[in-house]
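Colleague: with the input below, show me the fold.
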Amino acid sequence: MVGIIWTYVFLYASLFFTSTIWNFNYLSLIDWEIISAYWNQGGSIKEATDYGLFLTLILLIPFWILGWRFFYHRDFIALILAPINWYNQKQIKKYGQNASRIVIKNMGSTGKKINPEEVIEAKLKDFKSNMEHQEKNSDILREKLKEKFDKKN
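Modeller: The predicted structure follows:
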C-alpha cells in the first residue's frame, strides 16, 4: 500500500517538477524521441539546465526507492490522527489553562492497609490450627481402630 501511494505521489511531483522547469514529460514517448533526435544529430550537453535535466533523470529511480523506504518505516496511524491530535491540543490550550484544577483524593480502598507480615502470620496461624485439628482427628481415629481390634481379640 505504501509503495502504491508513494509511487503515485512521486510520479505526480516529479512530472510536475520536470514539466515546469524543462517542459519535459519523461513518461511521454514524443519527448524522448525529441531528445533522441537531438542527441543523434550531434547535440551535446552544454548548459547548466541541460546538466540539471540529465542529473534529474538519472536520480529519479534512486529518489523513488529512498522515498519508498523512508515512508515504509513511518507510523501512518499517527500521521492520519495528526489533525485530531492537533485539534485536541488546541482545545486543551484554549479551555484548560483557566480551568480550576480538580483533585480527587481518597480513591483507594476504604479498608485498613494490609501489612504483608500480618498476612503471613495469619496464614501460619490458620495452618497451625489446621494441623492441630488434623492431629486430633488422627488420634481419635487411632483410638477407635484400637478399640475395634481389642473387641475382636
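Colleague: mind listing the strands for the protein?
Modeller: For the chain, none of the segments meets the definition of strands by DSSP state E.
Colleague: shaky segments in the protein?
Modeller: Judged against pLDDT under 70, the low-scoring parts of the chain cover residues 97-103, 106-112, 153.
Colleague: tell me, what residue is most central in it?
Modeller: Per C-alpha atoms, centre = their mean, the C-alpha nearest to the average position across the chain is that of residue 75, at 7.0 Å.
Colleague: and that one, how far from residue 67?
Modeller: Using C-beta to C-beta, to the nearest Å, residue 75 is found at 16 Å from residue 67. Any C-beta I mention is one placed from the backbone N, CA and C, and that applies to glycine too.
Colleague: what do you get for residue 135?
Modeller: For residue 135, the distance to residue 67 (C-beta to C-beta) stands at 80 Å.
Colleague: looking at the two, which is more packed in?
Modeller: For residue 135 and residue 67, the more surrounded residue by other C-beta atoms under 10 Å is residue 67, and the numbers stand at 16 against 10.
Colleague: could you list every residue that touches that one?
Modeller: For residue 67, the set of contacting residues under the criterion of C-beta atoms under 8 Å, 6 or more residues apart in numbering consists of 6, 10.
Colleague: ok, it to residue 43 distance?
Modeller: With distances defined as C-beta to C-beta, the gap from residue 67 to residue 43 amounts to 31 Å.
Colleague: circling back: next, give phi and psi for the residue nearest to the centre of the chain.
Modeller: Comment: the main-chain dihedrals of residue 75 come out as phi -90, psi 100, following degrees, to the nearest 10.
Colleague: now do the helices in this structure.
Modeller: Using DSSP state H, the helices assigned to the chain run over residues 2-21, 29-40, 48-72, 76-96, 116-152.
Colleague: out of those, flag the one nearest residue 105.
Modeller: helix 76-96 (21.0 Å; C-beta to C-beta).
Colleague: any idea how far the closest one is from the chain center?
Modeller: Relative to the centre of its chain, helix 76-96 is centred 18 Å away, using C-alpha atoms, centre = their mean, to the nearest Å.
Colleague: can you give me the neighbour number for residue 127?
Modeller: Applying other C-beta under 10 Å, we find 10 other residues in the vicinity of residue 127.
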